[in-house]
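Student: sequence-free structure coming up:
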């Protein structure tokens, strides 16, 4: 008589996380935890009242979104890649006899972008309805000469990848991973589908076996939510925390820490290539090695650039508010939105920006600077003069609190 060794859920999730780490660079540790839990939860959908959408979003192409979705595909049950699938095809697939698919939607920005969003309300409705186990999509079905209304089940796991954002009704139902272009020192293994898909599928099959073994436990569980996580975020994270609790080990603690971090970060929208132009101009034409710069000097320099959009940005010169809005779409090395801060000087505390806050975005999104361009810009009086003034101002000692704000030392 043979006995089957019980599957250690914590060890299995560690292996799923390690598999993602081989091929994906996520912006912070919490993302690896969330994605591994999402992969596992897709095998346990019938245990939950709802399923969160998983969204890999970024401000620019080349940030690893499609690769992340590709790895998810190897780990989840019955994956259905749905780049050009119609709403009718999707709800028939979900309600069909072949089994519920995990829908993977790449290039979701082509569906919900500014030029097409109004044309895809049916798909948005399907994605919204399928968040709940009770969700259905109603359609008229012809039977001879008569039409009858039929409710098609819509409940299924959905992961998407794309540029920019998503409709608010989907974003609030999603675990959002804000992808970033890899920095030069961030390395991943090359993904070879013929080799690595089989490796992922073996993990997928073990996840399926483990899910069967813990389904009754998970179905009856009500995980404790972290303080402050309520309402829609609690709906999103409850299945993932239930999976973590069933796995044991350090996963319950890691899952709750990831929940707090990602819920706090969920409201940020990403930016398109106008943001890269701004970052590059700030590095090459404004800061030029300075460690800080008042907002007034930044705007004077940007708006004076004849070959740049800033002097006529959306019909008028770029303003402090517009600058803050554009830069706020990017984050510092500590994953804080780039914001203006007080620059303490002997003459006052004007608002401005620190090069340290911009350095990570410069590294990730901007091409290496051209030496000739920097030299030519340095010789331009209207640019270099205000920079020199900013550099020569006496600076008081300061420390920074945990949010990055400067406070007197």
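Tutor: Received it, and whenever you're ready, just let me know what you need. Here the structure is a predicted model, which means the values were calculated and not measured.

Student: how much space between residue 7 and residue 254?
Tutor: Residue 7 is 19 Å from residue 254, where distance means CB to CB, to the nearest Å. All C-beta spots, glycine's among them, are computed from the backbone N, C-alpha and C.

Student: Looking only at neighbour counts, state which of the two leads.
Tutor: Of the pair residue 7 and residue 254, residue 254 is the one with more neighbours under other CB atoms under 10 Å, namely 22 against 16.

Student: which strands and helices sit next to the helix or strand where that one lies?
Tutor: Assigned by DSSP states H and E, residue 254 falls within helix 251-265. The contact analysis (3 or more CB pairs under 8 Å, 6 or more residues apart in numbering; DSSP states H and E) places helix 251-265 against helix 9-23, helix 29-41, strand 174-178, helix 231-247.

Student: Please produce JSON lines containing these, extended by distance to residue 285, mean neighbour count and mean pLDDT.
Tutor: Below are the helices and strands packed on helix 251-265 laid out as JSON lines (distance: least, CB to CB, whole Å; neighbours: other CB atoms under 10 Å; pLDDT from 0 to 100):
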{"stretch": "helix 9-23", "distance to residue 285": "37", "mean neighbour count": "18", "mean pLDDT": "97"}
{"stretch": "helix 29-41", "distance to residue 285": "34", "mean neighbour count": "25", "mean pLDDT": "97"}
{"stretch": "strand 174-178", "distance to residue 285": "27", "mean neighbour count": "25", "mean pLDDT": "93"}
{"stretch": "helix 231-247", "distance to residue 285": "41", "mean neighbour count": "23", "mean pLDDT": "94"}
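
Student: Among those, which comes closest to residue 262?
Tutor: Among the helices and strands packed on helix 251-265, the nearest to residue 262 by CB to CB is helix 29-41 (5.4 Å).

Student: Tell me which helix or strand comes right after that closest one.
Tutor: Next element after helix 29-41 (DSSP H and E): strand 53-58.

Student: next one: that following strand to chain centre, how far?
Tutor: Distance, stretch centre to chain centre, for strand 53-58: 5 Å (CA atoms, centre = their mean, to the nearest Å).

Student: ok, now stretch 275-291?
Tutor: Here the centre of stretch 275-291 is set off from its chain's centre by 25 Å, with CA atoms, centre = their mean.

Student: Counting neighbours, which bits of that stretch end up buried?
Tutor: Neighbour-count burial for stretch 275-291, counted by 16 or more other CB atoms under 10 Å, picks out 275-276, 278-288.

Student: what's in contact with the helix holding residue 254?
Tutor: Helix 251-265 has contacts (CB atoms under 8 Å, 6 or more residues apart in numbering) with 9-10, 13, 28-31, 33-34, 37, 175-178, 225-226, 228-229, 233, 237, 240-241, 243-245, 335.

Student: how does it look with 7 Å?
Tutor: 10, 13, 28, 30, 33-34, 37, 175, 178, 226, 229, 233, 237, 240-241, 244-245 (CB atoms under 7 Å, 6 or more residues apart in numbering).

Student: likewise stretch 238-247?
Tutor: 9-10, 13, 34, 37-38, 40-41, 44, 48, 50-52, 214, 217-218, 221, 223, 251-252, 255-256, 259.

Student: Next one: the residue nearest to residue 94 when sequence neighbours are not counted from residue 181, what distance?
Tutor: Among residues not flanking residue 94 along the chain, residue 156 sits closest, at 4.8 Å (CB to CB, 6 or more residues apart in numbering). Per CB to CB, residue 156 is found 31 Å from residue 181.

Student: between those two, which one's more packed in?
Tutor: Between residue 156 and residue 181, counted using other CB under 10 Å, the more crowded position is residue 156 (24 against 19).

Student: Name the SS class of the more buried one, please.
Tutor: Classification of residue 156 using DSSP: H, G, I helix; E, B strand; the rest coil returns coil.

Student: Enumerate every residue touching it.
Tutor: With CB under 7 Å, 6+ apart, residue 156 has these contacts: 94, 100-103, 130.

Student: Out of those residues, name the ones that lie in strands.
Tutor: 102-103 (DSSP state E).

Student: Taking the contacts of residue 156, please make a PyMOL selection of just the buried ones.
Tutor: Selection of buried members from those for PyMOL, criterion 16+ other CB under 10 Å:
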select buried, resi 94+100+101+102+103+130
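
Student: between the contacts of residue 156, which is nearest residue 161?
Tutor: When the contacts of residue 156 are ranked by distance to residue 161 (CB to CB), residue 103 comes first, at 12.0 Å.

Student: For the protein, which segments count as strands?
Tutor: 53-58, 79-81, 102-105, 136-143, 146-153, 158-163, 174-178, 292-294, 341-342, 351-354, 398-400, 406-408.

Student: residues near residue 168, how many?
Tutor: For residue 168, the neighbour count with other CB under 10 Å is 8.

Student: In space, what's closest to residue 322 - neighbours in sequence excluded?
Tutor: Leaving aside its chain neighbours, residue 322 sits nearest to residue 313 (6.3 Å; criterion: CB to CB, 6+ apart).

Student: How much space separates the one you found from residue 285?
Tutor: Remark: distance between residue 313 and residue 285 (CB to CB) = 15 Å.

Student: Pull the number of nearby residues for residue 345.
Tutor: So residue 345, with other CB under 10 Å, has 17 neighbours.

Student: Make 59 the starting number, not 1.
Tutor: Right, with 59 as the first residue, what we last looked at is residue 403.

Student: So in terms of bridging, what pairs with it?
Tutor: Residue 403 has these beta-bridge partners by DSSP bridges: residue 406.

Student: Quick check: pLDDT value at it.
Tutor: pLDDT for residue 403: 70.

Student: try residue 439
Tutor: 36.

Student: do residue 432 as well
Tutor: Looking at residue 432, its pLDDT is 38.
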